[in-house]
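[1] here's my sequence, what's the structure:
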Amino acid sequence: MDEVEVTEGCSFHCRIDGEMLCDECRTNPGRHAGYYQRQVVELPVSATEDGVVGTLNLERAMKEGVKAFEPGLLAQANGNILYVDEINLLEDQIVDVLLDSAAMGLNTVVREGVSYSHSARFILIITMNQEEGELWPQLLDRCGLMVEVHGEPEAEPCKEVVRRRLAFETGHAAFCAFYAPEQEKLRRRITAAQNRLSQVVLSEALFDKAARVCTALQVDGHRVDISILKTARALAALDGRQEAVEGDLQQAAELDLPHRLRRAPFEQGGGAGINWEEVFHL
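    Model prediction:
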């Protein structure tokens, strides 16, 4: 996670050059810049709606008689990564709040006479266990990319997982220091891809292929078409190229489409999943 230039002392980490500002930053032309290390903010399953969106600051209300806003987890998540573990166990109203904020990039709260809005732009990462319940279709549709996580079926990789976990528990600092060069190399690669992203070209042929694949798989709406093309462009940028190719698009489809499909045409036998080669040779 990188450092960004924000308004010094702002609870919402408003970017000093940002367009979406909280009420205080919007009305304060003499803002001072500070630096903020972006982070991962975790939303616990036990979180309440007030704790997520924010509520009335009771301490100030009682001591000063002032109706002031107390920021919630969405304020902390602004400009960061918001991580939700086991989201299918989260209460429905909180899932609604997450969907609204992720779609609008804004959190609006009306509580006990207090009306407040602030930017809530974050990268949402969620996990779930399908054995503990399904997700709403509308939430699945809002998720851009999906990966399945499985245990290692072979002995040697399994041993390496256990070895690394024990090493991490034995000495956290030494473990992180050992992998620091590899992490730094990856960080530089991602930063270079971010700087290159706007220059990556999407050809008309890729637009045509994305439309054909999505219509053939009978995917509802157009959110997935946009997501596939954005992902293909990101993959090209990560690979250091100036133009996305069909291979990027196919890799993007394998991440973007499975969780959005109501049924699986082109499915291989034995539950092996979708035959992407067949889909991309329509």
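
[2] mind listing what's buried along the helix or strand where L229 lies?
    Secondary structure from DSSP states H and E places L229 in helix 223-238. For helix 223-238, burial by neighbour count (16 or more other C-beta atoms under 10 Å) applies to 224-225, 227-238. Just so you know, the C-beta spots here come from the backbone N, C-alpha and C atoms, and that holds for glycine as well.

[3] from the chain's centroid, how far away is the next helix or strand along the chain from that helix?
    Next helix or strand after helix 223-238 toward the C-terminus (DSSP H and E): helix 246-256. Centroid separation for helix 246-256 versus its chain: 18 Å, with C-alpha atoms, centre = their mean, to the nearest Å.

[4] next one: stretch 162-174
    The answer for stretch 162-174 is 27 Å, by C-alpha atoms, centre = their mean.

[5] that stretch - what's its average pLDDT?
    The average pLDDT within stretch 162-174 is 95.

[6] got the contact list for it?
    F175 (C-beta atoms under 8 Å, 6 or more residues apart in numbering).

[7] any buried residues in the longest helix seen in the chain, and which?
    For the chain, the helix reaching the highest residue count under DSSP state H is reported as helix 172-196. Within helix 172-196, the residues that count as buried by 16+ other C-beta under 10 Å are 175, 193, 196.

[8] tell me the spacing between the closest residue to L98 other than its chain neighbours and I87.
    Leaving aside its sequence neighbours, L98 sits nearest to L124 (C-beta to C-beta, 6 or more residues apart in numbering; 6.9 Å). For L124, the distance to I87 equals 9 Å [C-beta to C-beta, to the nearest Å].

[9] neighbour count: the two, which is higher?
    Each of L124 and I87 has its neighbours counted (other C-beta atoms under 10 Å); I87 has more, 22 against 19.

[10] from S11, how far off is the residue lying closest to that one once chain neighbours are set aside?
    In space, and not counting its chain neighbours, I87 is closest to I126: 4.3 Å by C-beta to C-beta, 6+ apart. Counting by C-beta to C-beta, the gap from I126 to S11 is 24 Å.

[11] the more surrounded of these two?
    Each of I126 and S11 has its neighbours counted (other C-beta under 10 Å); I126 has more, 20 against 16.

[12] contacts only, for that one.
    83-85, 87, 143.

[13] can you give me the strands in the protein?
    Residue ranges of the strands in the chain, as given by DSSP state E, are 3-7, 33-37, 40-43, 55-56, 69-70, 81-84, 106-111, 114-119, 123-126.

[14] comparing these, which comes out most buried?
    strand 69-70 (a mean of 21; mean count of other C-beta atoms under 10 Å).

[15] show me the shaky parts of this protein.
    In the predicted model of the chain, residues 19, 58-67, 112-113, 262-273, 281-282 satisfy pLDDT under 70.

[16] if we use 50, what do you get?
    Residues of the chain meeting the criterion pLDDT under 50: 264-272.

[17] look up how far S11 lies from E24.
    Distance from E24 to S11, by C-beta to C-beta: 9 Å.

[18] check G51 too.
    15 Å.

[19] ok, T27 next?
    Counting by C-beta to C-beta, the separation of T27 from S11 is 15 Å.

[20] just R31 next, same as before
    Taking C-beta to C-beta as the measure, R31 falls 13 Å from S11.

[21] try E70
    9 Å.

[22] the nearest residue in space to V201 that is not next to it in sequence: what's it in contact with?
    Nearest residue to V201, sequence neighbours excluded (C-beta to C-beta, 6+ apart): E243, at 4.5 Å. The contact partners of E243, by C-beta under 8 Å, 6+ apart, come to 200-203, 236.

[23] could these go into TSV alongside distance to V219?
    What follows is the contacts of E243, written out as TSV (distance: C-beta to C-beta, whole Å):
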residue	distance to V219
V200	24
V201	25
L202	19
S203	21
A236	23
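
[24] just among those, which is most surrounded?
    Busiest of these [other C-beta under 10 Å] is A236, holding 25 neighbours.

[25] that one contacts V200, correct?
    Yes - using C-beta atoms under 8 Å, A236 makes contact with V200 at a distance of 4.9 Å.

[26] which neighbours do those two share?
    Residues touching both A236 and V200 (C-beta under 8 Å, 6+ apart): 242-244.

[27] leaving out sequence neighbours, find the closest residue to M104.
    Using C-beta to C-beta, 6+ apart, the closest residue to M104 is A120 (7.8 Å).
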